[in-house]
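Q: I'd like to go over a predicted model; first the sequence, then the structure.
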Amino acid sequence: MWKFTKKQEDNGFSFNVEELLNGLQKTAEGVGDLTLEIVGIDGRVDLLSQKVDREAQMFKELQSDAIAMQRSNTTVNQSVSMTKDVVIRAIDNISNSKVTIGNSIQNIRDLTVTVTESGQELEKLISALKQVKKITSTIASISKQTNLLALNATIEASRAGEAGRGFAVVADEVKSLSKKAGEATTEISQTVNSLAVQIESLVQMSSTNTEKAGLVKNDAEMIEGAINNLEGDINAIDENSSKIVTAAADIDLHCNNTVEGLNNLTEDVDEANESFAKTRSRINALRNSVEDIVRHTLVEGIETVDTPVINLCQQLAKDTGKLFEEAIINGEITQRDMFDFDYKEITNTEPTQFTTAFTKFCDKNLPAIQEPVLKNKRIATCTATDINGYIPRHINARHNPQRPGEVGWNTLNSRSMRIYGDPTGLNAARNRNKFILQTYRIPYLGGQYAVLKDCAAPIYINGKHWGCMRLTYDIKVTDEEGNDVMQSQKFQEAIKQDKAVQDSRK
């Protein structure tokens, strides 16, 4: 380690090495803070990008809805136009029907009057027949009396002998006429009775017909009223149809304007989305550049806040590689098995978990290396990862059996035997430099985010790159906009302790 406390001079150029080292240290720390800011900006840009993505999708859906509404409105317009044509024809038909129904009602009224008058005439005829019957009764009575008188006259004529013979002839004639008159009267009476019965039946039928004619008349008048009401309703429908046609035309105009506006907005949002994608790409490039600067400023002799973690990570990577090599020598596992990247899916796991030839060995032996590191209050996780992002054994706190159907819980608490293909993880796993420092942001609780530092050092097995040892540390919780919510008190205290150790080494 460098340790300069005096002023150096060379060819007339003088500088204080301690001040230079302090300057480099502050530069490294400043660049580290800059990395955090860049991560915060990247997170905010990512959120904005997600919002723009959602808005773009919403605009496209609105665009589709507006086009569908436009088509539906066209259909409505066509349907209303057809309805208006039908209504116009219906109005013409009703006008013609009104004339026909009016004539029919008048005919029914005339028929009702005729039937009523016929009934009245039949009543008069019955009255006349009653008079005839009465007269025939009188004639029959007179005929009977005449017949009796003729009989008496005949008797008296026979008593008178020859003198009464002429009178007897007259009496016989009178008797004969009386008999004929009686027979005629009887016949007339029978005929009158028969006529009376028939006429009485006609009177009853006429009365019934009169009632029915009255009902028909009422029904016809109701039909006439209904037709008049129907005509009014159809006229109202025609008027409303005209209004709908006008409104549909206005809607069509607004729909066209809406679709055009949404098309323009969608294009703008798509352009904004592309700009966000380019911005994120540039931010990532900037972050990578700054992380490279951090790596270059972390040189021997310059202690920064990250130096203790870097040294620890490198030592853990060496210890892990040594563990694997000794196990191969002792026959606990073969080198071929340690490089078995043929991952076998474990059924009924969500998120999906995998096994390889080295999973059981790592499950048994890695905790002895990983768990003691967590006593350092700055460290959040310590995991050995192969070059494909596969973590065979996570820390104990995140090494739990999965719960069926509880994907959220499994994602957080069952993190062993899973492949993490995120860019940060793969960069760490495939890095061959002495170490790599990265900073990233992940979702936390209650809509908050956790900003973490990630240090990784490569693990080699007999000179062959297997993966890396990863440490995540110095968690800082922020809100959606990147404003600090809290930084764990234990991390703050640990940082102060590390800084005190660094100061004592100067």
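A: Okay, I see it.
Q: all helices of the stretch 351-500 of the chain, in order?
A: With DSSP state H, counting those that start in this stretch as the criterion, the stretch 351-500 of the chain has helices at 359-365, 367-373, 407-413, 423-430, 489-505.
Q: contacts for the second one, please.
A: In this case it means helix 367-373. Counting by CB atoms under 8 Å, 6 or more residues apart in numbering, helix 367-373 makes contact with 312, 316, 319-320, 323, 379, 382-384, 393, 395-396, 471, all of which sit outside it. All C-beta spots, glycine's among them, are computed from the backbone N, C-alpha and C.
Q: can you flag the buried ones in the residues you listed?
A: Buried positions within these, assessed by neighbour count (16 or more other CB atoms under 10 Å), are 312, 316, 320, 323, 379, 382, 383, 384, 393, 395, 471.
Q: from residue 193, how far out is residue 354?
A: Computed with CB to CB, to the nearest Å, the distance linking residue 354 and residue 193 is 120 Å.
Q: do residue 439 as well
A: Going from residue 439 to residue 193 by CB to CB gives 129 Å.
Q: give me the more crowded residue out of the two.
A: Neighbours were tallied for residue 439 and for residue 193 using other CB atoms under 10 Å; the higher tally belongs to residue 439 (24 against 13).
Q: what is the burial count for residue 426?
A: For residue 426, which is what you asked about, the neighbour count (other CB under 10 Å) is 15.
Q: could you find the closest non-adjacent residue to it?
A: Among residues not flanking residue 426 along the chain, residue 389 sits closest, at 5.4 Å (CB to CB, 6 or more residues apart in numbering).
Q: shaky segments in the stretch 401-506 of the chain?
A: Scanning the stretch 401-506 of the chain with the threshold set as pLDDT under 70 gives 445-446, 480-506.
Q: if you set the cut-off to 50 instead, what comes out?
A: In the predicted model of the stretch 401-506 of the chain, residues 488-492, 494-496, 498-506 satisfy pLDDT under 50.
Q: strands along the protein, start to end?
A: With DSSP state E applied, the chain shows strands at 7-10, 13-16, 344-346, 353-355, 379-386, 390-391, 418-419, 436-443, 449-461, 464-478, 484-487, listed in chain order.
Q: packing partners for the fourth one?
A: Right, the one you point to is strand 353-355. Under the contact definition 3 or more CB pairs under 8 Å, 6 or more residues apart in numbering; DSSP states H and E, strand 353-355 sits against strand 344-346, strand 418-419.
Q: and these as CSV, adding mean neighbour count?
A: Putting those into CSV (neighbours: other CB atoms under 10 Å) gives the following:
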stretch, mean neighbour count
strand 344-346, 12
strand 418-419, 18
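Q: could those be laid out in a markdown table, adding distance to residue 186?
A: Conversion of those to a markdown table gives the following (distance: least, CB to CB, whole Å):
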| stretch | distance to residue 186 |
| --- | --- |
| strand 344-346 | 124 |
| strand 418-419 | 129 |
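Q: of all the ones you listed, which lies closest to residue 251?
A: With distances scored as CB to CB, the stretch of those nearest to residue 251 is strand 418-419 (54.0 Å).
Q: which neighbours in the sheet does that closest one have, and how are they oriented?
A: According to DSSP bridges, strand 418-419 has the following sheet partners: strand 390-391 (antiparallel).
Q: any regions of the stretch 151-300 of the chain where pLDDT drops low?
A: Filtered on pLDDT under 50, the stretch 151-300 of the chain yields no residues whatsoever.
Q: ok, residue 322 - contacts?
A: Here residue 322 is in contact with no residues (criterion: CB under 8 Å, 6+ apart).
Q: please verify my assumption that residue 413 contacts residue 398.
A: Yes. In this structure, residue 413 sits in contact with residue 398. The criterion is CB atoms under 8 Å, and the distance is 6.0 Å.
Q: if I look at residue 118, how far off is residue 216?
A: Residue 118 sits 16 Å away from residue 216 when distances are taken as CB to CB.
Q: one step back: indicate which one of the helices and strands packed on strand 353-355 is closest to residue 448.
A: Taking those one by one with CB to CB, strand 418-419 is closest: 23.9 Å.
Q: neighbouring contacts of that closest one?
A: For strand 418-419, contacts defined as CB under 8 Å, 6+ apart pick out 343, 351, 352, 353, 354, 388, 389, 390, 391.
Q: neighbours of residue 64, just the number please.
A: The number of residues near residue 64, taken as other CB under 10 Å, comes to 12.
Q: next: residue 472.
A: Neighbourhood size, residue 472 [other CB under 10 Å]: 23.
Q: ok, residue 474 next?
A: Using other CB under 10 Å: residue 474 sits among 24 other residues.
Q: partner residues bridging the nearest residue to residue 470 once chain neighbours are set aside?
A: In space, not counting the residues next to it along the chain, residue 470 is nearest to residue 456; the distance is 4.7 Å by CB to CB, 6+ apart. Residue 456 has the following beta-bridge partners by DSSP bridges: residue 436, residue 470.
Q: and residue 456, what does it touch?
A: Contact criterion CB under 8 Å, 6+ apart gives 313, 385, 427-429, 431, 435-436, 438, 468-471 as the residues in contact with residue 456.
Q: can you list the domains in this protein?
A: Under the assignment named as automatic domain parsing, the residue ranges that make up the domains of the chain are 16-143+178-298, 305-505.
Q: between these, which gets nearest to residue 149?
A: Smallest distance to residue 149 across these (CB to CB): 8.2 Å, for domain 16-143+178-298.
Q: helices of the stretch 101-250 of the chain, residue ranges please.
A: Counting by DSSP H, counting those that start in this stretch, the stretch 101-250 of the chain forms helices over residues 165-297, given from the N-terminal end onward.
Q: you'd agree the residue nearest to residue 426 is up against residue 423?
A: No. Taking contacts as CB under 8 Å, residue 389 lies outside contact range of residue 423: 10.0 Å.
Q: these two: which is more packed in?
A: A side-by-side neighbour count of residue 389 and residue 423, using other CB under 10 Å, places residue 389 first with 20 against 10.
Q: quick one: residues contacting that one.
A: With contacts taken as CB under 8 Å, 6+ apart, residue 389 has the following neighbours: 419, 420, 421, 422, 425, 426, 429.
Q: identify the bridge partners of the first one.
A: Read it as residue 419. residue 390.
Q: look up how far residue 216 lies from it.
A: When CB to CB is applied, the distance between residue 419 and residue 216 equals 91 Å.
Q: can you pull the contacts of residue 466?
A: With contact set as CB under 8 Å, 6+ apart, residue 466 has these partners: 321, 324, 338, 339, 386, 387, 459, 460.
Q: residue 188: which of those residues is nearest?
A: Proximity to residue 188 was ranked across these by CB to CB; first place goes to residue 386, at 137.2 Å.
Q: and the closest residue to the closest one other than its chain neighbours, how far from residue 349?
A: Using CB to CB, 6+ apart and skipping residues adjacent in sequence, the residue nearest residue 386 is residue 467, 3.9 Å away. Residue 467 sits 22 Å away from residue 349 when distances are taken as CB to CB.
Q: neighbour count winner among the two?
A: Between residue 467 and residue 349, residue 467 has the larger neighbour count (other CB under 10 Å), namely 27 against 16.
Q: do I have it right that the residue nearest to residue 386 meets residue 432?
A: No. Using CB under 8 Å, residue 467 is not in contact with residue 432; the gap is 11.0 Å.
Q: okay, and the common contacts of these two?
A: Between them, residue 467 and residue 432 share the neighbouring residues residue 458, with contact defined by CB under 8 Å, 6+ apart.
Q: my guess is residue 362 contacts residue 393. True?
A: Yes. With contact defined as CB under 8 Å, residue 362 and residue 393 form a contacting pair (4.7 Å).
Q: cool, thanks, signing off.
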